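*Asks:* the sequence isn't on hand, but the structure is:
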């Protein structure tokens, strides 16, 4: 009986630990651009490189890797999140760590572990399909969780 009780306690501990680590997903969702990243409000036009946050995936229209899967998201403070993503581009499987800072509902900064960083600006309307920054991700205006785009490049965060 004592072994069964210890075994049950161990299983419950593992389940609780897994639930605590299951906080994955991005703190923002929808389509974001590097075009005029310091402009006011959401961008009316989102051509060029864009990044899309969709549930537990992130899509990037530029660079060597176009799709990332969120492994973990940890809230550092009220506006900063520590994120680890996983990628696979046929030849290489790897992980990428970065901080995402929510500056306001229409602007975020991404600070890579390498020291590089850049700003993104939310896309607006039918062109952008973005929604308000939140803690859960979710569907954008056209209901597809932002799967209609990818990534961008721009000025480092100020």
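*Replies:* That came through fine. Source: prediction; values computed, not measured.
*Asks:* all strands of this protein, in order?
*Replies:* Using DSSP state E, the strands of the chain run over residues 30-33, 50-54, 57-60, 67-75, 80-88, 93-104, 107-112, 117-122.
*Asks:* most tightly surrounded among the ones you listed?
*Replies:* Highest mean neighbour count among the strands of the chain (mean count of other Cβ atoms under 10 Å): strand 30-33, with a mean of 31. Backbone N, C-alpha and C define where each C-beta goes, glycine included.
*Asks:* pLDDT of that one, averaged?
*Replies:* Average pLDDT, strand 30-33: 95.
*Asks:* where does the prediction get shaky in the chain?
*Replies:* Within the chain, the stretches with pLDDT under 70 are 1-23, 126-158.
*Asks:* which strand residues sit across from the closest residue to residue 24 other than its chain neighbours in the sheet?
*Replies:* Nearest residue to residue 24, sequence neighbours excluded (Cβ to Cβ, 6 or more residues apart in numbering): residue 70, at 4.9 Å. Beta-bridge pairing for residue 70 (DSSP bridges): residue 85.
*Asks:* which residues touch residue 70?
*Replies:* Residue 70 is in contact with 24, 25, 26, 56, 57, 58, 83, 84, 85, 86, counting by Cβ atoms under 8 Å, 6 or more residues apart in numbering.
*Asks:* if we go to 6 Å?
*Replies:* Counting by Cβ atoms under 6 Å, 6 or more residues apart in numbering, residue 70 makes contact with 24, 25, 56, 85.
*Asks:* against residue 105, how distant is it?
*Replies:* 21 Å (Cβ to Cβ, to the nearest Å).
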